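K.L.:
Here is my input; please provide its structure:
(one chain, ligands or ions: 1)
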Amino acid sequence: MALAGIRVIELAGLAPAPFCGMMLADFGASVIRVDRTKVAMSLDNQARGKRSVALNLKTPEGVAILRKLCVRSDVVLEPYRKGVMEKLGLGPEKLLKENPRLIYARLTGYGQSGPYATAAGHDINYIAMSGLLSRLGRHKDKPYAPLNLVADFAGGSLTCAFGIVLALLERTRSGQGQIIDASMVEGAAYMGSFVWKSRAIGMWERGRGQNMLDGGAPFYDTYQTADGKHMAVGAIEPQFYQQLLRGLGLDTADLPPQMSFDHWPELKRVFEGCFATKTQAEWTDIFDGTDACVTPVLSFDQVSSHPHNKERGSFVTDCGEDESPRPAPVLSRTPADPCLALDPRIGQHTCEVLEEYGFKSEDIDNFVAAGVIERNVPVAKL
Ligand SMILES: C[C@H](CCC[C@@H](C)[C@H]1CC[C@H]2[C@@H]3[C@H](O)C[C@@H]4C[C@H](O)CC[C@]4(C)[C@H]3C[C@H](O)[C@]12C)C(=O)SCCNC(=O)CCNC(=O)[C@H](O)C(C)(C)COP(=O)(O)OP(=O)(O)OC[C@H]1O[C@@H](n2cnc3c(N)ncnc32)[C@H](O)[C@@H]1OP(=O)(O)O
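P.N.:
Alright, predicted model coming up:
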């Protein structure tokens, strides 16, 4: 796998850093998640392929252990509020002095500077601050966050993983590590570059929900079918729009022009009436094999058995019978090979990892007795 041999220390966080760590693990990195001690259950549901070490960082011994792990690692990924790592004595200046090749990735909401740097926040706050939330939502309705996808995962996990891979690549030339300041506000805004830059051609001139790609256009929207399901329509180009009309049984001559904004509400009502006459399966039969850009809106229950996704093996099932998306993209020579074992329990790999990083078993026992670390070994079933 592409990241084989890369050692990552991930400090346990809420959602964006865990997904970033999982991407690295999916593509072959050895990812060790550092969990708190005295915690009953992990909040990390993005733990595929990781190992867990339970370490009390509020003790000097716990901090010393983590420093020793970082000296022999390539990447540290931390998801805390600005200043938390420095307070623990684990700031980048210290760790990079001990390991100049270390890549120190800081994944936060507001970044490491500015008046909001120390403020708490979540995805919805970050997309609000990026300007994007003001553009998301239906006409005459308030702004709506599209799940917590845009800041947490696209602007956060993905840009941070990109930064890590860039820093690893650059290190092959310079031999040096560096600090990555991944702000979800900036990551989300950057993901929105198309929206920013297409303002110049008037793509967002109308209010929220009244433009071509925000649910304003009849040919770029979803429609309810006779069985209460939905179809997605993305027939932008005139040649594809013609195929949409053909599939719906409509005649261009009876309709207003595709790009007449004033007629969009009327056209939508016509399309709504059409789609309501057949089931999702019937519309899928009609549009499959055409270039009308019409697809069923699949539920999580339908998605992995859809013939296209099935043929590509787009979803994997782990040994707990849990289904999830397989890592993307697909690399031809060194594809990801996602781990199908159950997610790690907190502290499951504490001893294994510490031994691997050169700690003696006697010291490990002392750390356990002192409450600096916790081990959570599986109990054998007889
Ligand atoms: C919208 C998403 C978030 C979705 C999350 C949900 C999926 C989950 C949220 C709540 C969960 C439920 C809940 O927990 C109850 C149940 C629990 C059960 O176990 C499972 C089921 C639950 C129902 C559970 C289910 C789900 O998991 C939930 C619903 C997001 O937007 S995520 C993005 C958030 N933002 C960021 O990540 C930006 C950067 N980070 C921050 O701004 C802050 O970290 C944040 C997120 C605001 C949290 O602030 P907080 O004050 O809590 O922490 P920090 O200031 O960062 O400081 C960390 C402190 O922890 C100490 N520490 C760290 N590691 C260790 C260690 N190993 N040992 C000892 N101590 C440690 C560290 O020193 C800091 O201590 P101090 O405060 O003293 O400095």
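
K.L.:
hmm, the longest helix along the chain touching the ligand?
P.N.:
Using DSSP state H to assign secondary structure, the helix with the most residues in the chain is helix 159-174. No. With C-beta under 6 Å from any ligand atom as the threshold, helix 159-174 lies outside contact range of the ligand, at a closest distance of 10.9 Å. For every residue, glycine as well, the C-beta is placed using N, CA and C.

K.L.:
Mind exporting the C-alpha coordinates of that helix to PDB?
P.N.:
Below are the C-alpha coordinates for helix 159-174, written out as PDB (Å, rounded to 0.1, in the frame of the first residue of the first chain):
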ATOM      1  CA  THR A 159      -7.300  18.800   3.400                       C
ATOM      2  CA  CYS A 160      -5.300  17.700   6.500                       C
ATOM      3  CA  ALA A 161      -4.600  14.300   4.900                       C
ATOM      4  CA  PHE A 162      -3.500  16.100   1.700                       C
ATOM      5  CA  GLY A 163      -1.200  18.300   3.800                       C
ATOM      6  CA  ILE A 164       0.300  15.300   5.500                       C
ATOM      7  CA  VAL A 165       0.900  13.500   2.200                       C
ATOM      8  CA  LEU A 166       2.500  16.800   0.700                       C
ATOM      9  CA  ALA A 167       4.700  17.100   3.700                       C
ATOM     10  CA  LEU A 168       5.800  13.500   3.500                       C
ATOM     11  CA  LEU A 169       6.600  14.000  -0.200                       C
ATOM     12  CA  GLU A 170       8.500  17.200   0.500                       C
ATOM     13  CA  ARG A 171      10.500  15.500   3.300                       C
ATOM     14  CA  THR A 172      11.900  13.000   0.800                       C
ATOM     15  CA  ARG A 173      13.800  16.000  -0.700                       C
ATOM     16  CA  SER A 174      14.500  18.200   2.400                       C
END
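
K.L.:
And it, how far out from the chain middle?
P.N.:
Helix 159-174 has its C-alpha centroid displaced from the chain centroid by 19 Å (C-alpha atoms, centre = their mean, to the nearest Å).

K.L.:
partner strands of the very next helix or strand once past that helix, parallel or antiparallel?
P.N.:
Of the helices and strands lying after helix 159-174 in sequence (DSSP states H and E), the nearest is strand 178-183. Strand pairing for strand 178-183, using DSSP bridges, gives strand 103-108 (parallel).
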